[in-house]
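Undergrad: For reference, the sequence and a predicted model appear below.
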Amino acid sequence: MVVWFVLAGAFAGLCAGLFGIGGGMIIVPALVWIFTAYGYSPEVVAHLAVGTSLATIIITSISSLTAHHKQGGVRWDVWKHMAGGLVVGSLLGAAVADQISGQVLQVMIGVAALLVALKMLFLSNKEKMGKPLASTPVQVGAGAGIGLTSAIIGIVGGSLTVPFLNWAGLSMRQSVGTSAACGLPIAAAGALGFAWFGQDVTGLPEGAIGFVHVIAFVCIAAASFLTAKVGAKLAHKLPAQTLKKAFVVLLIFAV
């Protein structure tokens, strides 16, 4: 089982750095498959996968945002406006997810990936450079909505934040870098929420803290921390349109 956790973490970290998605689109399906294969209760598999994914992305986001910051790819002014909304939305999302069945969660993840992929596919090929960003209240509101949705389906916002920031006027590289930074408050608040709301749930494996699988967290976090830096470096070398197309392909594949 440990080997599978390490492999999933390595690939998720690479994708996190390359696309600014936090790795959740890779980690959640991988963990659902691993937990199911090892006979975990169907009632807790999806929630355990989402909660553990959010916890691992705390580490991945730190690695990814550091690399993007060094490349000048993070708009910290935008991050500051969105962070509060991201935290509140993520905590609320964890509470909502606790009331949703595992099967419904899996369907929501697939639908979200497909919709975001289609949205990115039909965005204008020309980046909206120079377009003024939305007002601060709109950025805060967008953060809350992204945090809420991200915590429920465990994708940590990149699949939502990147399109939003790119539409708002940031370059694709800045959208990816800022999205990586936005993943940290989402992951931290969401993971705490899933750990808290999963405390009294029956059927959890030994060693789990609520809906967070500790061994999976350690293995995936360690592997993804290393490979996220590689992905971030590649993101600043690839042409912007190549990056956008690769992002769309990844989301469709995740469905």
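TA: On my side now, so go ahead.
Undergrad: Could you use CA atoms for every contact and neighbour count after this?
TA: Will do.
Undergrad: so where do the helices sit in the chain?
TA: Under the criterion DSSP state H, helices of the chain are mapped to 2-19, 24-37, 42-70, 76-97, 102-121, 136-153, 158-168, 172-197, 214-235, 240-254.
Undergrad: Low-confidence ranges, the stretch 51-200 of the chain, go.
TA: 106, 109, 112-113, 116-117, 119-132, 134, 155-159 (pLDDT under 70).
Undergrad: I figured Gly143 was touching Trp79, is that so?
TA: No - the pair Gly143 and Trp79 fails to qualify as a contact (C-alpha atoms under 8 Å) at a distance of 9.2 Å.
Undergrad: who's more crowded, those two?
TA: Ranked by neighbour count (other C-alpha atoms under 10 Å), Gly143 and Trp79 place Gly143 first, with 28 against 20.
Undergrad: Would you mind pulling the contact partners of stretch 28-38?
TA: By C-alpha atoms under 8 Å, 6 or more residues apart in numbering, the surrounding residues in contact with stretch 28-38 are 1, 4-5, 8, 42, 45-46, 49-50, 53, 154-155, 254.
Undergrad: Go through it and flag the buried ones.
TA: Buried residues in stretch 28-38, counted by 16 or more other C-alpha atoms under 10 Å: Val28, Pro29, Ala30, Leu31, Val32, Ile34, Phe35.
Undergrad: Between the residues you listed, which sits nearest Ser90?
TA: Val28 (16.5 Å; C-alpha to C-alpha).
Undergrad: dump the residue contacts of the residue lying closest to the closest one once chain neighbours are set aside.
TA: Of all residues beyond its chain neighbours, the one nearest Val28 is Ala49 (5.3 Å), with distances taken as C-alpha to C-alpha, 6 or more residues apart in numbering. Ala49 makes contact with Ile27, Val28, Pro29, Leu31, Val32, Phe35, Phe211, Val212 under the criterion C-alpha under 8 Å, 6+ apart.
Undergrad: pLDDT and distance to Leu14 for the residues you listed - can I get that in TSV?
TA: Formatted as TSV, the entries for the contacts of Ala49 read as follows, by pLDDT from 0 to 100; distance: C-alpha to C-alpha, whole Å:
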residue	pLDDT	distance to Leu14
Ile27	85	12
Val28	84	15
Pro29	82	16
Leu31	91	17
Val32	88	20
Phe35	92	22
Phe211	93	25
Val212	95	22
